[in-house]
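In: any chance you could fold what I've pasted below:
(one chain, ligands or ions: 2)
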Amino acid sequence: MTTVAAYAAPAAKAPLERTTIERRAVGESDVLIDIKFAGICHSDIHQAREGWGEAIFPMVPGHEIAGVVAEVGPGVTKFKVGDRVGVGCMVDSCRECENCLRGEEQYCLNGMVGTYNAVGKDGEPTYGGYSEKIVVDENYVVRIPDGLSLDVAAPLLCAGITTYSPLRHWNAGPGKKVAIVGLGGLGHMAVKIAHAMGAEVTVLSQSLRKKDDGLKLGADHYHATSDPKTFEELAGTFDLIVSTVSAPMDFGALLSLLKVDGALVNVGAPEEPIALNLFSVIGGRKTLAGSMIGGIRETQEMLDFCAAHGIGAEIELISAAEVNEAYERVLASDVRYRFVIDTATI
Ligand SMILES: NC(=O)c1ccc[n+]([C@@H]2O[C@H](COP(=O)([O-])OP(=O)(O)OC[C@H]3O[C@@H](n4cnc5c(N)ncnc54)[C@H](O)[C@@H]3O)[C@@H](O)[C@H]2O)c1
Ligand SMILES: [Zn+2]
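Out: Ligands and ions are numbered 1, 2, ... in the order given. Reported below is the predicted structural model:
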């Protein structure tokens, strides 16, 4: 076991504070990673404040982890000391169910093991990336390509894969009109990735406040959802809409923007349910779907895609002591576009 410094929420809604945690000894197929950077995902805040239900405390959030391999177990074949690596939202799964076997471990029928706020196969709680080091089985670790700096790569491990996966699955690409709802951490990655895939990209944001940024990120069009004219003008326009909004939205209004056979894919995880009039999917044979992160193989594919297209996150690098302030700014939609903790400051 190794004692490492970390930032943890001691209880629901309590501010995060510096503490120490134990990491397990490096086992047969484990790698020990020196964490360099950890992104702050809105899911960290939902969980640290028990917005999704009862959680495990103390909680060390962080599932956008970028670092360097410091030690490998005797059975490790994929990584060596010094490799640049990432860890996302899961650190284990059953490896035997049909979903694990086809590389979609995020949908493990026996429950994936979350990077934090979960219990590992050893019966111990898992602790996430707001810490100096982490020990992870090599099968749940991905390689960060040389062309990507670790700081801008960290958010790809959740925000990147969560948007890449549905964009791929629903075939975003040339000739497709794709709308991204919400221009936060996930939304800004979705814009960059959909643009790189060759789609015609529209941002649907609450206001036009971030329009210049959105166009620079790769959007072709930018509209405010607070303006009723947006919904008149864009009715029946899109093949695919990806919603990244962290609060309940009017999904009926978004569905009206789809073409016949279009799909609205929600990746946002609001704490409250929504009400939906089902006539909004009947008319136009529309699909309302969801998507959760991506499998390990697809996460590697996404990192390679991002490196090939020169895509990293737009980040604001902060020290660990600034994490509570950063949470408030995320909640106030005041982030451009991902806070990343420099873990050397823990
Ligand atoms: N499906 C998954 O696998 C997955 C993975 C990561 C995050 N998430 C969830 O996705 C959501 C977004 O995460 P993020 O890290 O990008 O958060 P974020 O805070 O960076 O971005 C959320 C965006 O939603 C906008 N927004 C908030 N309230 C709104 C409202 N009422 N109307 C319109 N827009 C509104 C914000 O302005 C912001 O642009 C969170 O709920 C998070 O938990 C899901
Ligand atoms: Zn996340």
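
In: so what's the residue of the chain found nearest ligand 1 up against?
Out: Proximity of the chain to ligand 1 (CB to the nearest ligand atom) peaks at residue 184, 1.9 Å away. Glycine gets a C-beta too; all of them are placed from N, C-alpha and C. Contacts were defined as CB atoms under 8 Å, 6 or more residues apart in numbering; by that measure residue 184 touches 42, 244, 246, 330, 333, 335, 337.

In: contacts only, for the residue in the stretch 101-250 of the chain that ligand 2 sits nearest to.
Out: Nearest to ligand 2 in the stretch 101-250 of the chain, going by CB to the ion, is residue 158, at a distance of 3.2 Å. By CB under 8 Å, 6+ apart, residue 158 lies in contact with 39, 41, 43, 63-64, 88-89, 293.

In: among those, which lie within strands?
Out: In this view, the contacts of residue 158 that belong to strands under DSSP state E are residue 39.

In: among the contacts of residue 158, who's most crowded?
Out: If you count neighbours using other CB atoms under 10 Å, the busiest of the contacts of residue 158 is residue 64, which has 33 neighbours.

In: I'd assumed residue 208 was in a helix, is it?
Out: No: secondary structure of residue 208 (DSSP: H, G, I helix; E, B strand; the rest coil): coil, not part of a helix.

In: hmm, residue 225 and it touching each other?
Out: No: in this structure, residue 208 sits apart from residue 225 without contact. The criterion is CB atoms under 8 Å, and the distance is 10.5 Å.

In: out of those two, which sits in the more crowded spot?
Out: For residue 208 against residue 225, the residue with the higher neighbour count under other CB under 10 Å is residue 225, and the figures read 19 against 14.

In: and that one, what does it touch?
Out: In this structure, residue 225 makes contact with 181, 204-206, 253, judged by CB under 8 Å, 6+ apart.

In: keep only the residues you listed that also lie close to ligand 1.
Out: Counting by CB under 6 Å from any ligand atom, the subset of the contacts of residue 225 that neighbours ligand 1 consists of residue 206.

In: so how do I select the buried members of the contacts of residue 225 in ChimeraX?
Out: To isolate the buried members of the contacts of residue 225 in ChimeraX, using 16 or more other CB atoms under 10 Å:
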select :181,204,205,206
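
In: any chance of JSON lines for the contacts of residue 225, columns secondary structure and distance to residue 304?
Out: Output for the contacts of residue 225, formatted as JSON lines (DSSP: H, G, I helix; E, B strand; the rest coil; distance: CB to CB, whole Å):
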{"residue": "181", "secondary structure": "strand", "distance to residue 304": "27"}
{"residue": "204", "secondary structure": "strand", "distance to residue 304": "29"}
{"residue": "205", "secondary structure": "strand", "distance to residue 304": "29"}
{"residue": "206", "secondary structure": "coil", "distance to residue 304": "33"}
{"residue": "253", "secondary structure": "helix", "distance to residue 304": "36"}
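
In: any chance of the contacts of residue 225 in CSV, plus distance to residue 276 and pLDDT?
Out: Rendered in CSV, the data for the contacts of residue 225 read as follows (distance: CB to CB, whole Å; pLDDT from 0 to 100):
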residue, distance to residue 276, pLDDT
181, 15, 98
204, 18, 98
205, 22, 98
206, 20, 97
253, 10, 98
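
In: hang on, the earlier thing: mind checking pLDDT for the residue of the stretch 101-250 of the chain closest to ligand 2?
Out: The model reports residue 158 with a pLDDT of 98.

In: swap in residue 1?
Out: 88.

In: same deal with the one 10 residues further on?
Out: In the predicted model, residue 11 carries a pLDDT score of 98.

In: A strand includes it, no?
Out: No: when three-state DSSP is applied, residue 11 is found to be coil, with no strand at that position.

In: enumerate every residue touching it.
Out: Shown here is residue 11, whose contacts under the criterion CB under 8 Å, 6+ apart are 57-58.

In: state the distance from it to residue 54.
Out: Going from residue 11 to residue 54 by CB to CB, to the nearest Å gives 12 Å.

In: can you check residue 285 too?
Out: For residue 285, the distance to residue 54 equals 39 Å [CB to CB].

In: so for the two, which sits in the more crowded spot?
Out: The neighbour comparison of residue 285 against residue 54 (other CB under 10 Å) goes to residue 285, with 11 against 8.
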